[in-house]
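>>> Next one to model:
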Amino acid sequence: MTAPSVWVFRAGLIATVTAIMASIWWLLQALGLPMSFSPSGIAEWFNSQGSLGPLLLLLLMMLAVVVGPIPTLPVTAAAGMAFGLIPGALLSIIGAMVGAMIAFTLARLLGREALRARLPSNPLFGHQGSQRLLLLTVMITRLVPIFSFALVSYAAGVTAITTVRFALGTVVGMLPMTLVFASLGRAYELNPLLSIMAAVAVLTVMSLLPWYLSRRRHSRLARWLHLDDEPPGK
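Below you'll find the predicted structure:
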């Protein structure tokens, strides 16, 4: 594919996804989506839509993950209130997974090659990034609710992680908190101080670990992570 064709493809891809997300947002607004995003208000709205409620939950969760600023936690709590713990959690996971895969694929197609060329030996972005390290990173950041679901998805797309491992890390990482928030309902908020402390701790470790591993590629941890012998998938 020639350079002009690549740019045309990328522009078309962005335009298509933007149009789809805008159409979903217009539909949700036209059907009266509450702008307060309180769990009780969203749950009542889901119930008022009858058989369309589950589909609207999927669309709202997908939009929240792809676009970003829309909070996913109150939507998950509302899903549990409206449809019950297991159905609500399952619908939330499906919607979030669809959105995450869209964001991941966008980032992979638009930015992966550029970062791989600039950082060929980096354990996260290089040609042979550690799949174990990347899988753990995705799972941990999914587990801490303060991290933007959209940001993690886009960031993962430009790393060396395989699509299968990204999907696995997302499901495993988000499952505990999805069940918790789907069961909490109105009391869905976490202690903000604890959330921030957990996020800072995770960010510190994940920022320093690649730096450490790039200098200690033969350490026990580096060997366990398969930094040298595990090829990246596609």
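
>>> For Val171, what are phi and psi?
phi -60, psi -50 (degrees, to the nearest 10).

>>> And it, how far from Trp45?
Relative to Trp45, Val171 is positioned 27 Å away (Cβ to Cβ, to the nearest Å). No exception for glycine: its C-beta is placed from N, CA and C like everyone else's.

>>> And for the strand or helix carrying Ser40, what's in contact with it?
If you go by DSSP states H and E, Ser40 is part of helix 39-48. Helix 39-48 is contacted from outside by 32-34, 53-54, 56-57, 60, 74-75, 77-79, 81-83, 185-186, 188, using Cβ atoms under 8 Å, 6 or more residues apart in numbering.

>>> Any of those buried? List them.
33, 53-54, 56-57, 60, 74-75, 77-79, 81-83, 185, 188 (16 or more other Cβ atoms under 10 Å).

>>> Which of these sits closest to Val144?
Tyr188 (15.5 Å; Cβ to Cβ).

>>> residues in contact with the helix or strand containing Val164?
Taking DSSP H and E as the definition, Val164 sits inside helix 163-184. Outside helix 163-184, the residues that touch it by Cβ under 8 Å, 6+ apart are 73, 76-77, 79-80, 85, 88-89, 92-93, 96-97, 100-101, 104, 108, 131, 134-143, 145, 149, 153, 156-157, 161, 188, 233-234.

>>> how many other residues sit next to Val8?
Using other Cβ atoms under 10 Å, Val8 has 12 other residues around it.

>>> now for the helix or strand where it lies, which elements pack on it?
For Val8, the host element (DSSP H and E) is helix 3-30. Applying 3 or more Cβ pairs under 8 Å, 6 or more residues apart in numbering; DSSP states H and E, one finds that helix 3-30 contacts helix 53-67, helix 85-118.

>>> quick one: average confidence on the longest one?
Yep, that's helix 85-118 we're talking about. The pLDDT scores in helix 85-118 average 83.

>>> Taking helix 163-184 as reference, get the angle to it.
140 degrees (axes from the mean of the first three to the mean of the last three Cα atoms, to 10 degrees).

>>> Quick check: buried residues in helix 85-118?
88-93, 95-108, 110-112, 115-116.

>>> likewise stretch 134-145?
For stretch 134-145, by 16+ other Cβ under 10 Å, it's Leu134, Leu135, Leu136, Thr137, Val138, Met139, Ile140, Thr141, Arg142, Leu143, Val144, Pro145.

>>> Which pLDDT value does the model give the last one?
The confidence metric pLDDT takes the value 65 at Pro145.

>>> Then the third one?
We note a pLDDT of 83 for Leu136 in this prediction.

>>> do Trp224 as well
51.

>>> got it, and Tyr212?
So Tyr212 comes in at 59 (pLDDT).

>>> ok, so what distance separates Ser23 from Gln29?
From Ser23 to Gln29 the distance is 11 Å (Cβ to Cβ).

>>> To clarify, my last question referred to Ile42.
Ile42 is 13 Å from Gln29, by Cβ to Cβ.
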